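*Asks:* the following block contains a protein sequence and its predicted model.
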Amino acid sequence: MNQRIENHPIIDIPTRKRLKFFYNGKALFGFEGDTIASALHAAGITQLSKSIKHHRPRGFYCAIGNCSSCFMRVNGNPNVKTCVEPLREDMIVESQEGRGSIK
Amino acid sequence: MIHADILVIGGGPSGLSAAIAAGKSGAEVLLVERSQYFGGQLVKQTHMFFGSEKQHASSRGFDIGKKLVEEVKKYGNIKIFHNTTALGIYEDGVVTLEQKIGAEEIYLKVRPQSIIIGTGALEKSLPFPNNDLPGIYGAGAVQTLMNEYLVKPGKRVLMVGAGNIGLIISYQLLQAGVEVAGIIDASPKIGGYLVHASKIRRSGVPILTGHTIVKAEGDKHLEKATIAKVDDHWKPIPGSEMDMNVDVICISVGLTPSSAFFWQGGCEMKYVRELGGYVPKRNRFLQTTVENIYVAGDSAGIEEASSAMVEGSIAGFAASHDLGFVYEDFDREMQDLLEELQGLRGGEKGAHIRAGYEKVMF
Amino acid sequence: MLKTTGVPSDRDIEEVFPPRERLEKGPVVVVECFETIPCNPCYTACHSGGIEAFKDITDLPTIDFEKCNGCTLCISSCPGLAIMVIDYTYHQDFVKIIIPFEFFPLPKEGEWVKGLDRNGEEVVKVQVLSVKNSKKQDKTSVISIAVPKAHYKKIRNIKVGVPND
């Protein structure tokens, strides 16, 4: 199902540059202006992490950088707030186990 | 060390308005905004605003945001940094910042003479079984996803909360082509503006007051929600449960002021239910109990963008004045602003805000 | 009850409807505004004096039905989309109702769409007479529909046909 909004009665949908990125090794596409979480969501990926103790599936909650539900490892950096981190070309996005560690 | 007379933390309607007022007064202003966009919540507000002509009534939120940013950019004495997060306020008056330029992160320090804090609010959450499933989001989060990033949250939504945010976002979901299965609110009455409720009802979306959410279910993502009627003690009535096949629940149960910097700065705080949580005590010029810290917008008390803009202007003119940068028309401008704010808080809808403010003014 | 359902009752609607004598003279405004919130752009938009100046910004709008000429300028200025214009004189069997509309797809002139009541339920099929979209309207389309006279107090919204319909 296409999750992207392609026309809208109020918002003028801009033409945006397509960006390639990697999610757990798989190549996906997003747009310039996406955050990592919005690009994943558009690709149908809503589980971003697991809770630390009970490994429950978690997505984002606030989408604005307040709640810490959306942490993933990005280009080797742990605990990146994917809901506010802008998507960039060739970004390597990975699920992290537990709290994430600085290698 | 960066120099600034006034540091404004937050580039939403209150912060932008504060910066403009301080800029008009002749102070050197630095405004920092953690997001890539200036405008705060305005960026994703696609609906028309209320209020008066002066408060941009009938303009869409995002257009108001753009106008404020254009205005700020006219002043050579106002610097605005985006992708810049304020990290902390220290006892020696230094404020630390982290600025992102591309993939690089730069650590900065500024020692302003005064600080205006307009950091807005956070969405509240609601406890119920499986409320942490992917697909269960704050209503504002869904609005951000749809209107800023142009991504649909899912196919079929249950909206929990019939305040203005719940009603407006339900309407915006329809505009994005997403089905809204219903809006529920535990309260017996609709909390938001009735015109918002009416336009959503005539689009066929049910509003069920006196209902609450009992639980959510799903494996890796939300699949089903169970709601029930509530009794006079707000408890679910057994036997009244209804299942709804939804893949998104929006939680719209209110906002709470973001208060971290006030605590850190040593401001005297008070918990005020009517204002949404902990807020700093302040005088009518929005100066807190710490002489050089001012507050404006939702972090002063949950209200509207129109009040945020007026408060930002009040704090901006006041903070500048107190440092000796006096706007030439200060007295008249301040009187107009204070009257405007009073006007916005009039009527039956303003009653609880007025009650809240009584508790924190000194 | 409006406060619990969000739907104005027939009685609420009667209170804001213009008197029959005025309806029979030509287009006139109906403002379904029932709550004292701080808001007055309808007054700012009105050129004819049909919407009177507000003493207090939280007042409900006071309409002078004689001064109102049904020009429709206020329809797209109301942030609550609470305003419509009715032309009872449009046709002997049909009333022209002019409403704000902010959804895609927009209907085309001449298209038949579902006429919905204030509960969002379909009452009757109605024909679209015009779809207006000026820059000043700022994305709030203003749509005229022809409603059979029997239903003119009920119809308040439309639903444009979806492909599967």
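*Replies:* Right, received. Where do you want to start? Here the structure is a predicted model, which is why all the values come from computation and not from measurement. Numbers count the residues shown, from 1 in each chain, chains lettered A, B, ... in the order given.
*Asks:* residue B:252 reaches residue B:173, doesn't it?
*Replies:* No. Residue B:252 lies out of contact with residue B:173 (CB atoms under 8 Å); the separation is 11.5 Å. (Glycine included, C-beta is placed from N, CA and C.)
*Asks:* more neighbours, these two?
*Replies:* Just comparing residue B:252 and residue B:173: by other CB atoms under 10 Å in any protein chain shown the higher neighbour count belongs to residue B:252, 30 against 26.
*Asks:* what sits against the more buried one?
*Replies:* Counting by CB atoms under 8 Å, 6 or more residues apart in numbering or on different chains, residue B:252 makes contact with B:123, B:138-140, B:159-161, B:163, B:165-166, B:169.
*Asks:* let's see it at 10 Å
*Replies:* Contact analysis of residue B:252 by CB atoms under 10 Å, 6 or more residues apart in numbering or on different chains lists B:123-124, B:126, B:138-140, B:142-143, B:159-170, B:183, B:185, B:191-192.
*Asks:* cool, and residue B:118?
*Replies:* Counting by CB under 10 Å, 6+ apart, residue B:118 makes contact with B:8-19, B:31, B:33, B:40, B:258, B:294-300, B:308, B:311-312, B:315-316.
*Asks:* show me those residues that map onto helices.
*Replies:* Those of the contacts of residue B:118 mapping onto helices are B:13-19, B:308, B:311-312, B:315-316, per DSSP state H.
*Asks:* can you get me the start-to-end distance on stretch B:127-139?
*Replies:* Start-to-end span of stretch B:127-139 (CA to CA, to the nearest Å) is 15 Å.
*Asks:* so where do the strands sit in chain A?
*Replies:* For chain A, applying DSSP state E gives strands covering A:18-23, A:26-31, A:49-50, A:57-58, A:71-74, A:77-81, A:91-94.
*Asks:* what lies in contact with the fourth one?
*Replies:* The one in question is strand A:57-58. Counting by CB under 10 Å, 6+ apart, A:46-52, A:67-71, B:132-135, B:218-221 sit against strand A:57-58.
*Asks:* pull out the buried residues from these.
*Replies:* A:46-49, A:67, A:69-71, B:132-135, B:218, B:221 (16 or more other CB atoms under 10 Å in any protein chain shown).
*Asks:* the residue positioned nearest the centre of chain C: what's it in contact with?
*Replies:* When CA atoms, centre = their mean is applied to chain C, the residue found nearest the centroid is residue C:84 (1.6 Å). Listed by CB under 10 Å, 6+ apart, the contact partners of residue C:84 are C:29-32, C:72, C:74-75, C:78, C:97-100, C:142-143, C:155-157.
*Asks:* same question, residue A:69
*Replies:* A:37, A:48-49, A:51, A:58-63, A:81-83, B:132, B:134, B:137, B:141.
*Asks:* mind running it again at 7 Å?
*Replies:* Contact partners of residue A:69, counting by CB atoms under 7 Å, 6 or more residues apart in numbering or on different chains, are A:49, A:58-61.
*Asks:* ok, and the most crowded of those?
*Replies:* Using other CB under 10 Å as the neighbour test, the contacts of residue A:69 are led by residue A:60, with 30 neighbours.
*Asks:* pull the contacting residues for the spatially most central residue of chain A.
*Replies:* Closest residue to the average C-alpha location of chain A: residue A:37 at 2.3 Å, with CA atoms, centre = their mean. When contacts are counted by CB under 7 Å, 6+ apart, residue A:37 touches A:48, A:60, A:70, A:82-83.
*Asks:* just the closest of the residues you listed to chain B, please.
*Replies:* Nearest to chain B among those is residue A:60, at 6.5 Å by CB to the nearest CB.
*Asks:* surely that closest one meets residue A:85?
*Replies:* No. Residue A:60 is not in contact with residue A:85 according to CB atoms under 7 Å; the separation is 11.4 Å.
*Asks:* need the contact list for residue B:35.
*Replies:* A:84, B:82 are the contacts of residue B:35 under CB under 7 Å, 6+ apart.
*Asks:* what number of residues lie near residue C:51?
*Replies:* Using other CB under 10 Å, residue C:51 is surrounded by 26 other residues.
*Asks:* do the same with residue C:109
*Replies:* 11.
*Asks:* thought it was touching residue C:127?
*Replies:* No. Counting by CB under 7 Å, residue C:109 does not reach residue C:127; the two are 9.2 Å apart.
*Asks:* so for stretch B:242-260, what gets flagged as buried?
*Replies:* B:244, B:246-259.
*Asks:* repeat that for stretch B:118-131.
*Replies:* Going by neighbour count (16+ other CB under 10 Å), the buried part of stretch B:118-131 is B:118-123, B:125-126, B:128, B:130-131.
*Asks:* and which of the residues you listed is nearest to residue A:97?
*Replies:* Of all the buried residues of stretch B:118-131, residue A:97 sits closest to residue B:130, with 22.2 Å by CB to CB.
*Asks:* looking at the ones in helices among the contacts of residue B:118, which is nearest chain C?
*Replies:* Nearest member of the ones in helices among the contacts of residue B:118 to chain C, counting by CB to the nearest CB, is residue B:308, at 13.9 Å.
*Asks:* what does the model give that closest one for pLDDT?
*Replies:* As predicted, residue B:308 sits at a pLDDT of 96.
*Asks:* show me which residues of the stretch 151-300 of chain B sit near chain A.
*Replies:* Within reach of chain A by CB under 7 Å from any CB of the partner chain, the stretch 151-300 of chain B has these residues: B:151-152, B:155, B:175-176, B:220-221.
*Asks:* now tabulate these in JSON lines and tack on secondary structure, distance to residue B:351 and pLDDT.
*Replies:* Compiled in JSON lines, these are given as follows (DSSP: H, G, I helix; E, B strand; the rest coil; distance: CB to CB, whole Å; pLDDT from 0 to 100):
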{"residue": "B:151", "secondary structure": "strand", "distance to residue B:351": "38", "pLDDT": "97"}
{"residue": "B:152", "secondary structure": "coil", "distance to residue B:351": "38", "pLDDT": "98"}
{"residue": "B:155", "secondary structure": "coil", "distance to residue B:351": "39", "pLDDT": "97"}
{"residue": "B:175", "secondary structure": "helix", "distance to residue B:351": "31", "pLDDT": "97"}
{"residue": "B:176", "secondary structure": "coil", "distance to residue B:351": "34", "pLDDT": "97"}
{"residue": "B:220", "secondary structure": "coil", "distance to residue B:351": "45", "pLDDT": "96"}
{"residue": "B:221", "secondary structure": "coil", "distance to residue B:351": "41", "pLDDT": "97"}
